[in-house]
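A.B. asks: Show me the folded form of this:
(one chain, ligands or ions: 1)
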Amino acid sequence: MIHKLFKIEMIKTTNLLFGLICITFVASGQVSKSSATLRLEQYDQNGNCNVAIPSNPEWNITFDRFNLKGDLAPNVRFTRRDPSSVLKVDGKYYVWYSYSLTDGPGKNAPWDLNDLYYASSSDGDTWEEHGPAVERGPAGSFDHRSVFTTEVFYHEGIFYLVYQAAANIEGIYGKNTIAMASATSPHGPWTKLNNPILEPTDSNTPVFDNNAVHDPCILYFKNKFHLFYKGEGNETPICGVGVWGLNKQVKWGVAISDNPTGPFIKSPYNPITNTGHEVCVWKSGEGIALMLHQDGPEFGTIQYAEDAVNFEIKGKVNEFVLMDYSSDYPEAAGLYRPVSEDVSPVSGVSWGLCHTLTREQGKFWMYLKRFENTNKQLIVNDADNEGIVTDSNTLSVIDLNDDNELQIYPNPVKDIMNINFKKPVTYLVEVISLMGAIVQKEIYDTTTNTMNLSQVKDGFYILRLTNKNNKNESYSKSFVKNSSE
Ligand code: AAL
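C.D. replies: Residues are numbered from 1 along each chain as shown. Next up, the predicted model:
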């Protein structure tokens with residue numbers, strides 16, 4: 001299958017109307033409350049946190065978990081946690097995760113001083129670790145202390161990693177940001193955006209996300225990029241039931257954008273849940289479904305919203321035991337996301353990787369496990385497809401194999417980009433935005449060139465090189481334009 005790399009996005013009238021309604025709400029000072037917020041207010045009024053879970057067997061899930069084999073088999077020396085979704089690319093499964101040495105010097109928490117590593121597998125059980133995908137930034141940068149808790153997202157030929165970034169020790173526990181990097185192959189190279197895409201809400205009054213924005217996950221839904229995240233704030237819990245028995249209540253938000261790289265605007269309906277230590281969302285029917293772990297009254301529930309903001313309780317995780325870390329609940333679940341999405345209620349939860357916390361061998365450390373829906377009919381059998389295919393006509397394979405023909409620098413670039421080739425042929429050079437627009441093109445017939453990009457807006461771009469005499473010979477590199485570099 002050849003992926004259509006670029007598609008012109010149409011701004012739908014309905015989206016414009018939705019935007020106008022949101023602006024009107026905000027301008028009139030009226031606060032929009034999500035269904036989850038209204039339910040929480042109701043629990044408060046009732047004086048108890050008894051949650052009504054309807055009986056819909058098709059919305060219930062039971063889990064099994066298994067140890068992994070190969071490089072990701074449990075090993076006390078390495079702490080691997082918070083895995084991304086699993087993607088199948090060119091017939092292999094890929095996962096990205098937080099990585100550190102369990103006894104790494106100076107670590108303040110298991111997610112402190114982490115980098116993002118990745119691994120691949122032919123069967124989802126035995127994994128080969130490839131090393132770092134995205135590493136911490138240099139001293140002084142917003143991601144200097146740690147990069148952790150990542151999600152992967154694929155859209156129109158580009159892979160995106162979104163992850164938590166901490167500039168310093170404070171960012172390990174709060175005041176962190178959400179960052180993004182992109183690549184045209186699961187093997188990278190990953191180009192970081194220069195600035196975070198989401199930050200805690202700057203507010204004088206306590207709100208659900210004024211302290212931290214965690215666990216990012218992007219879904220493309222109704223022509224918009226929905227960035228789901230977990231907030232932590234200084235609000236007083238109403239029905240706090242939390243990790244390690246703490247009186248903790250965690251809520252999620254969503255921030256929406258027309259472009260994969262933002263700007264992401266937080267929904268006026270936030271928070272959209274009243275519970276949930278880790279974000280786990282999937283497409284279901286006409287809408288979005290989610291699964292809530294602990295930290296709030298609605299622990300262990302499965303919910304659904306047709307509009308991605310007003311979630312209603314539909315079902316539950318069978319055999320969910322609050323605060324029992326040896327139960328089969330997949331903590332920090334990263335779902336396998338097949339290319340062909342079946343959208344019956346919980347088919348989005350087929351299998352995936354999760355992490356488990358352990359004190360085995362006298363240390364506190366984490367390792368990754370595979371989880372499966374015990375309903376075998378829901379396990380996606382994709383033996384007959386390659387998943388995302390990076391065809392030789394697409395940019396990704398070219399980036400991998402022909403890295404040497406095209407050299408571009410600096411990256412990020414402020415205005416003048418050096419573009420060098422090896423072969424003395426005439427090339428068409430195009431700068432293509434992630435929405436598929438060719439924003440600049442030139443023809444070069446010398447091997448050393450410079451391109452003036454001062455008229456190009458800041459953002460991610462692909463530079464594509466095509467041999468004028470042989471259109472099948474094409475090379476590409478992604479780069480970031482940043483006029484403040
Ligand atoms: C996890 C996640 C985030 C937090 C920390 C590491 O459970 O919610 O990633 O920052 O704990």
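A.B. asks: my read: Leu68 touches Asp123, true?
C.D. replies: No. Counting by CB atoms under 8 Å, no contact exists between Leu68 and Asp123, whose distance comes to 10.6 Å. For every residue, glycine as well, the C-beta is placed using N, CA and C.
A.B. asks: and the two? which has more neighbours close in?
C.D. replies: Under the criterion of other CB atoms under 10 Å, the comparison of Leu68 against Asp123 puts Leu68 first, with 21 against 10.
A.B. asks: tell me the pLDDT at the more buried one?
C.D. replies: The score at Leu68 is 98. That number is its pLDDT.
A.B. asks: what are the ranges of the helices in the stretch 151-300 of the chain?
C.D. replies: Counting by DSSP state H, counting those that start in this stretch, the stretch 151-300 of the chain has these helices, from start to end: 170-173.
A.B. asks: mind listing the strands in it by residue range?
C.D. replies: Using DSSP state E, counting those that start in this stretch, the strands of the stretch 151-300 of the chain run over 158-166, 177-183, 191-192, 212-221, 224-232, 251-257, 265-266, 281-284, 287-291.
A.B. asks: who touches the second one?
C.D. replies: Around strand 177-183, the neighbours that count as contacts under CB atoms under 8 Å, 6 or more residues apart in numbering are 133-134, 142-143, 147, 158-165, 167, 171, 189-193, 196-199, 213, 216, 227, 229, 260-262, 399, 434, 460, 478.
A.B. asks: one step back: may I see the strands of the stretch 151-300 of the chain arranged in JSON lines, with mean neighbour count and distance to Asp103 as well?
C.D. replies: As requested, those are exported to JSON lines (neighbours: other CB atoms under 10 Å; distance: least, CB to CB, whole Å):
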{"stretch": "strand 158-166", "mean neighbour count": "25", "distance to Asp103": "20"}
{"stretch": "strand 177-183", "mean neighbour count": "23", "distance to Asp103": "27"}
{"stretch": "strand 191-192", "mean neighbour count": "20", "distance to Asp103": "28"}
{"stretch": "strand 212-221", "mean neighbour count": "23", "distance to Asp103": "25"}
{"stretch": "strand 224-232", "mean neighbour count": "23", "distance to Asp103": "28"}
{"stretch": "strand 251-257", "mean neighbour count": "24", "distance to Asp103": "33"}
{"stretch": "strand 265-266", "mean neighbour count": "16", "distance to Asp103": "39"}
{"stretch": "strand 281-284", "mean neighbour count": "22", "distance to Asp103": "34"}
{"stretch": "strand 287-291", "mean neighbour count": "23", "distance to Asp103": "33"}
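A.B. asks: Turn those into a markdown table, including mean pLDDT and distance to Gly348.
C.D. replies: Formatted as a markdown table, the entries for the strands of the stretch 151-300 of the chain read as follows, by pLDDT from 0 to 100; distance: least, CB to CB, whole Å:
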| stretch | mean pLDDT | distance to Gly348 |
| --- | --- | --- |
| strand 158-166 | 97 | 18 |
| strand 177-183 | 96 | 22 |
| strand 191-192 | 93 | 29 |
| strand 212-221 | 97 | 10 |
| strand 224-232 | 97 | 13 |
| strand 251-257 | 98 | 17 |
| strand 265-266 | 98 | 24 |
| strand 281-284 | 96 | 3 |
| strand 287-291 | 97 | 6 |
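A.B. asks: Export those strands as JSON lines, with columns for distance to Phe371.
C.D. replies: Rendered in JSON lines, the data for these read as follows (distance: least, CB to CB, whole Å):
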{"stretch": "strand 158-166", "distance to Phe371": "21"}
{"stretch": "strand 177-183", "distance to Phe371": "25"}
{"stretch": "strand 191-192", "distance to Phe371": "30"}
{"stretch": "strand 212-221", "distance to Phe371": "17"}
{"stretch": "strand 224-232", "distance to Phe371": "19"}
{"stretch": "strand 251-257", "distance to Phe371": "21"}
{"stretch": "strand 265-266", "distance to Phe371": "30"}
{"stretch": "strand 281-284", "distance to Phe371": "14"}
{"stretch": "strand 287-291", "distance to Phe371": "11"}
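A.B. asks: of those strands, which approaches Thr447 most closely?
C.D. replies: Closest to Thr447 of the strands of the stretch 151-300 of the chain, according to CB to CB: strand 191-192, at 23.9 Å.
A.B. asks: Hmm, Arg77 and Thr102 touching each other?
C.D. replies: Yes. Thr102 lies in contact with Arg77 (CB under 8 Å); the separation is 5.9 Å.
A.B. asks: partners of the helix or strand harbouring Asn418, with directions?
C.D. replies: For Asn418, the enclosing helix or strand under DSSP states H and E is strand 416-420. Strands adjacent to strand 416-420 in the sheet, as given by DSSP bridges, are strand 407-409 (antiparallel), strand 448-452 (antiparallel).
A.B. asks: so what are the domain limits for this structure?
C.D. replies: For the chain, the structural domains run 1-30, 33-378, 395-481, going by automatic domain parsing.
A.B. asks: ok so, going back, send me the strand holding Asn418 as CSV with only the CA atoms.
C.D. replies: Backbone C-alpha positions of strand 416-420 (Å, rounded to 0.1, in the frame of the first residue of the first chain) are rendered in CSV as follows:
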residue,chain,number,x,y,z
ILE,A,416,19.9,30.2,4.9
MET,A,417,20.0,26.5,4.4
ASN,A,418,23.0,24.8,2.8
ILE,A,419,22.0,22.0,0.4
ASN,A,420,24.7,19.7,-0.9
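A.B. asks: Could you say which one of the strands of the stretch 151-300 of the chain comes nearest to Leu406?
C.D. replies: Between Leu406 and the strands of the stretch 151-300 of the chain, the tightest spacing by CB to CB is seen for strand 191-192, at 14.6 Å.
A.B. asks: where in the stretch 51-200 of the chain is pLDDT low?
C.D. replies: Along the stretch 51-200 of the chain, no part satisfies pLDDT under 70.
A.B. asks: what does it have sitting close to the ligand?
C.D. replies: Residues of the stretch 51-200 of the chain lying near the ligand by CB under 6 Å from any ligand atom: Asp82, Trp111, Phe148, Thr149, Gln164.
A.B. asks: Quick check: the last one vs Trp190, distance?
C.D. replies: With distances defined as CB to CB, to the nearest Å, the gap from Gln164 to Trp190 amounts to 16 Å.
A.B. asks: who does Ile438 bridge with?
C.D. replies: Following DSSP bridges, Ile438 is listed with bridge partners Ile432.
A.B. asks: Surely Gln249 is in contact with Asp295?
C.D. replies: Yes. With contact defined as CB under 8 Å, Gln249 counts as touching Asp295 (6.1 Å).
A.B. asks: can you give me the helices in the stretch 301-450 of the chain?
C.D. replies: Defined through DSSP H, counting those that start in this stretch, the helices belonging to the stretch 301-450 of the chain, from first to last, are 395-401.
A.B. asks: what sits against Tyr118?
C.D. replies: Tyr94, Val95, Trp96, Tyr97, Glu129, His130, Gly131, Ala133, Pro186.
A.B. asks: Give me the secondary structure label for the second one.
C.D. replies: For Val95, the secondary-structure state derived from DSSP: H, G, I helix; E, B strand; the rest coil is strand.
A.B. asks: Surely Asp112 and Ser146 touch.
C.D. replies: Yes. Contact between Asp112 and Ser146 holds when scored by CB under 8 Å: they sit 5.5 Å apart.
A.B. asks: Looking only at neighbour counts, state which of the two leads.
C.D. replies: More crowded of Asp112 and Ser146, by other CB under 10 Å: Ser146, with 27 against 19.
A.B. asks: so who does that one touch?
C.D. replies: For Ser146, the residues meeting the contact criterion (CB under 8 Å, 6+ apart) are Trp111, Asp112, Leu113, Asn114, Arg136, Gln164, Ala165, Ala166, Gly171, Ile172.
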